[in-house]
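Colleague: Make a model of this:
(2 chains)
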Amino acid sequence: MSTTTNPEMTMTKAGRYGDFGGQYVPETLMPELIRLDNAFQHYQHDADFQAELTDLLNNYANRPSLLSYAKRMSADLGGAQIYFKREDLNHTGAHKINNVLGQALLAKRMGKTRLIAETGAGQHGVATATIAALFGMDCEIYMGKMDTDRQALNVYRMELLGAKVHPVTTGSMVLKDAINAALQAWTQRCDDTAYIMGSATGPHPFPTMVRTFQSVISEEARKQSLELIGHLPDAVVACVGGGSNAIGSFANFIDDPDVQLIGCEAAGKGVTTPLTAATIECGRTGIFHGMKSIFLQDADGQISPVYSISAGLDYPGVGPEHARLAETGRAQYVGVTDDEAVDAFEYLAKTEGIICAIESAHAVAYVQKLAPTMRPDQTIICTLSGRGDKDVAAIAKYRGVTLNED
Amino acid sequence: MKTKLTQAFRNHKALISFVVAGDPDFKQTVDHVVALAEAGCDIVELGIPFSDPVADGPEIQAADLRAFDSKTTPERVFEMVAAIREQTDISLVFLTYANLVYQYGYVAFAKRCAALRVSGLIIPDLPLEEQGELRPALVAQNVALIPLIAPTTTPDRIAAIAKAATGFIYVVSSMGVTGMRQSLTTDLTPLITAIRAETDTPIAIGFGIHTPEQAQKMAEQADGVIVGSAMVHEIASQQDVVAKLTTYTHELRQAVDSVAN
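Modeller: Numbers count the residues shown, from 1 in each chain, chains lettered A, B, ... in the order given. Predicted structure coming up:
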């Protein structure tokens, strides 16, 4: 096992985090989910599988990722010492590849020849298309039409990698709708096809699998923190859409009560407006996308259209383990607006020379608020979940700058 | 559990239709259900529209959107049923997604069903593993929880689902989502035989059935036939819908009745 944390520690019974989680899917998919869970349980303890995964993580995906000291930002903010966990330096430019390598390797072991996935910002789709190419598997990606428009570069990137991209035109045409379409496609064809879920969401075993494969982030961060700083961090900060990079960043610190865990949700235009994606702050318990968790919904339970400048955080739900961590108070979740995230995106570029993903900029924005309230002998680890090349055009547009792309 | 639903299968092969409540509006849904009852349907499934119907194909998704356009909510659907009940005593079941029932409250929802003589619930995203949280509320009100069995369902699951089934068992004819299919190729005989070995609960086949020939073929294998998207397709035409539903139901009724019970 490449990770040290046992998912059962916060899991109360199979697939449940408190009352959250479960398997709320059509019967057609249940037998496949059971097969997947059995395979996952088996290969989690299979030395060959783990060795192959570790080799791919280290020699293909460029792990371990750096833990970089943000010297100028720490000095500028004048409080806690800030370190970045640099998932943006992974191959394909985001944390998504950690999970895709794990799930795709599992799919290969299960005899699957075809991968399908949903994607929001496109990072998970790119990672899935990449590994499909590496493994010689067919690949089809479902992406909301809104997102294929605002992340056109990633669409082309997936096509370059040999994947077929389906723009999804139902609902509000974003991540939620892409998941609906991918689940439907999986219902039609699951015998040779693995669904590579990108976030720590969906029916069991996906939230646990994604957490397990992403917990390499905090496994490394914990070790690096002890080596570089000499002690554990005082706070770990990560952005949360469905919550895969956040649960990966938290996993190996959950049992260290002195480490504060903070998830940053996309508040969009603000939590008092309908143009938000701050699920934990504004939502309530419900059942959707195969899980009982917290969702943004109306009084009847119809799932709300959500909004964020970030295609990757633009999701009306959150993974069941985050719902549980919020319920027990082990982690705190805060909203960060579009404006704050864009400011942080620019601040990080100018202060540290890092253009991070707009998703990650939500975490950076909260660190800007948190660090000055802490002492200089305290430390914060902030996960930079991805790099921001894909967002440059959208940020320019947000600032009213016209780029000549001809 | 003997319910009004099982009675619907007693004397002949049951014809079950599906419409989305509120498609295209309150009054027309009432008229459509009454027409279906009068034309010879044994059971009508009323869909309560959900924002994200992951088990449904394009035809029913579009019907859900039309229902939302006419401001349909679960509460309005209960009012529709009350209006339907002034005109017909036909067996009714609801088909909807777990979140709408969860938000209404399992006990409150079951009580409303019982009060309106709605005999059962079909919830595509509530598989056997998750039914425990809802079942006691339904049992207390004698409302059936109608399970689905798919071509992928394994023998051990067939046994467990059949044992827990009330009302009838909904056999999904083929992989994928709801919607009309040109041909139904899955051979359901082994599946039906496996279910029959476990239970006397009636079995109805749905997903993709639209021609009378398909209905007849399915009726030969099971106790009932479910026609959904094809009904919704007639409603979507928005012209002479009551007449079309009546004629279509007569054709299906004849096809189904040509098979001895």
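Colleague: ok, residue B:123 to chain A distance?
Modeller: Between residue B:123 and chain A the distance is 9 Å, computed by C-beta to the nearest C-beta, to the nearest Å. Bear in mind the C-beta positions are built from the backbone N, C-alpha and C, glycine included.
Colleague: which residues touch that residue?
Modeller: B:95, B:96, B:97, B:98, B:101, B:134, B:145 (C-beta atoms under 8 Å, 6 or more residues apart in numbering or on different chains).
Colleague: which of the residues you listed are close to chain A?
Modeller: By C-beta under 8 Å from any C-beta of the partner chain, the members of the contacts of residue B:123 lying near chain A are B:97, B:98.
Colleague: Restricted to strands, list the contacts of residue B:123.
Modeller: B:95, B:145 (DSSP state E).
Colleague: Narrow the contacts of residue B:123 to just the buried residues.
Modeller: B:95, B:96, B:97, B:98, B:101, B:134, B:145 (16 or more other C-beta atoms under 10 Å in any protein chain shown).
Colleague: now, which of these sits nearest residue A:54?
Modeller: residue B:98 (38.9 Å; C-beta to C-beta).
Colleague: ok, back up a step: ok, the buried ones among the contacts of residue B:123 vs residue B:243, which is closest?
Modeller: residue B:95 (25.0 Å).
Colleague: could the contacts of residue B:123 go into CSV alongside pLDDT and distance to residue A:222?
Modeller: Converted to CSV, these look like this (pLDDT from 0 to 100; distance: C-beta to C-beta, whole Å):
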residue, pLDDT, distance to residue A:222
B:95, 98, 49
B:96, 98, 45
B:97, 98, 40
B:98, 98, 38
B:101, 98, 43
B:134, 98, 41
B:145, 97, 46
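Colleague: okay, the contacts of residue B:123 in JSON lines with distance to residue B:181 next?
Modeller: Converted to JSON lines, the contacts of residue B:123 look like this (distance: C-beta to C-beta, whole Å):
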{"residue": "B:95", "distance to residue B:181": "19"}
{"residue": "B:96", "distance to residue B:181": "23"}
{"residue": "B:97", "distance to residue B:181": "22"}
{"residue": "B:98", "distance to residue B:181": "26"}
{"residue": "B:101", "distance to residue B:181": "28"}
{"residue": "B:134", "distance to residue B:181": "30"}
{"residue": "B:145", "distance to residue B:181": "27"}
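Colleague: Which one of the contacts of residue B:123 is nearest to residue B:61?
Modeller: residue B:97 (12.4 Å).
Colleague: number of nearby residues for residue A:228?
Modeller: Neighbourhood size, residue A:228 [other C-beta atoms under 10 Å in any protein chain shown]: 12.
Colleague: actually residue B:110, sorry about that
Modeller: 25.
Colleague: Verify the stated contact: it with residue B:142.
Modeller: No. Residue B:110 lies out of contact with residue B:142 (C-beta atoms under 8 Å); the separation is 9.1 Å.
Colleague: Was I right to think residue A:389 contacts residue A:358?
Modeller: No. Using C-beta under 8 Å, residue A:389 is not in contact with residue A:358; the gap is 11.1 Å.
Colleague: higher neighbour count, those two?
Modeller: residue A:358 (28 against 13).
Colleague: For that one, give me its contacts.
Modeller: So residue A:358 contacts A:121, A:309, A:310, A:312, A:341, A:342, A:345, A:388, A:391, A:394, A:395 (C-beta under 8 Å, 6+ apart).
Colleague: Could you find the closest non-adjacent residue to the residue of chain B found nearest chain A?
Modeller: Nearest to chain A, among the residues of chain B, is residue B:103, at 3.4 Å (C-beta to the nearest C-beta). Once flanking residues are discounted, residue B:103 sits nearest to residue A:301: 3.4 Å by C-beta to C-beta, 6 or more residues apart in numbering or on different chains.
Colleague: Spell out the secondary structure type for the one you found.
Modeller: State at residue A:301, reduced to three classes by DSSP: H, G, I helix; E, B strand; the rest coil: coil.
Colleague: How many residues are close by it?
Modeller: Residue A:301, neighbours per other C-beta under 10 Å, totals 24.
Colleague: How much space separates it from residue B:57?
Modeller: Look at residue A:301 and residue B:57: by C-beta to C-beta, to the nearest Å, they are 22 Å apart.
Colleague: Would you confirm that residue B:23 contacts residue B:237?
Modeller: No. Counting by C-beta under 8 Å, residue B:23 stays clear of residue B:237, with 12.0 Å between them.
Colleague: For these two, work out which one has more neighbours and name it.
Modeller: When residue B:23 and residue B:237 are compared for neighbours, residue B:23 comes out ahead with 25 against 9, by other C-beta under 10 Å.
Colleague: before we move on, could you check phi and psi at residue B:86?
Modeller: phi -70, psi -20 (degrees, to the nearest 10).
Colleague: which residues of the stretch 101-250 of chain B fall in helices?
Modeller: With helices called from DSSP state H, counting those that start in this stretch, the stretch 101-250 of chain B shows them at B:106-115, B:135-140, B:155-164, B:189-196, B:212-221, B:229-236, B:241-257.
Colleague: Give me whichever of those is most buried.
Modeller: Comparing the helices of the stretch 101-250 of chain B by mean neighbour count (mean count of other C-beta atoms under 10 Å in any protein chain shown), helix B:229-236 ranks first with a mean of 22.
Colleague: who in the stretch 101-250 of chain A is up against chain B?
Modeller: Counting by C-beta under 8 Å from any C-beta, the stretch 101-250 of chain A sits next to chain B at A:170, A:171, A:176, A:177, A:180, A:183, A:184, A:187, A:188, A:189, A:190.
Colleague: residues in contact with the fifth one?
Modeller: Residues near residue A:180 by C-beta under 8 Å, 6+ apart: A:168, A:170, A:171, B:52, B:54.
Colleague: A helix includes it, no?
Modeller: Yes. The assignment for residue A:180 (three-state DSSP) places it in a helix.
Colleague: ok, it to residue B:53 distance?
Modeller: Counting by C-beta to C-beta - residue A:180 and residue B:53 are separated by 8 Å.
Colleague: ditto for the first one
Modeller: Residue A:170 sits at a distance of 10 Å from residue B:53 (criterion: C-beta to C-beta).
Colleague: Find residues that contact each of those two.
Modeller: With C-beta under 8 Å, 6+ apart, residue A:170 and residue B:53 have common neighbours residue B:61.
Colleague: Which one of these two is surrounded by more residues?
Modeller: Comparing residue A:170 with residue B:53 by other C-beta under 10 Å, the one with more neighbours is residue B:53, at 24 against 19.
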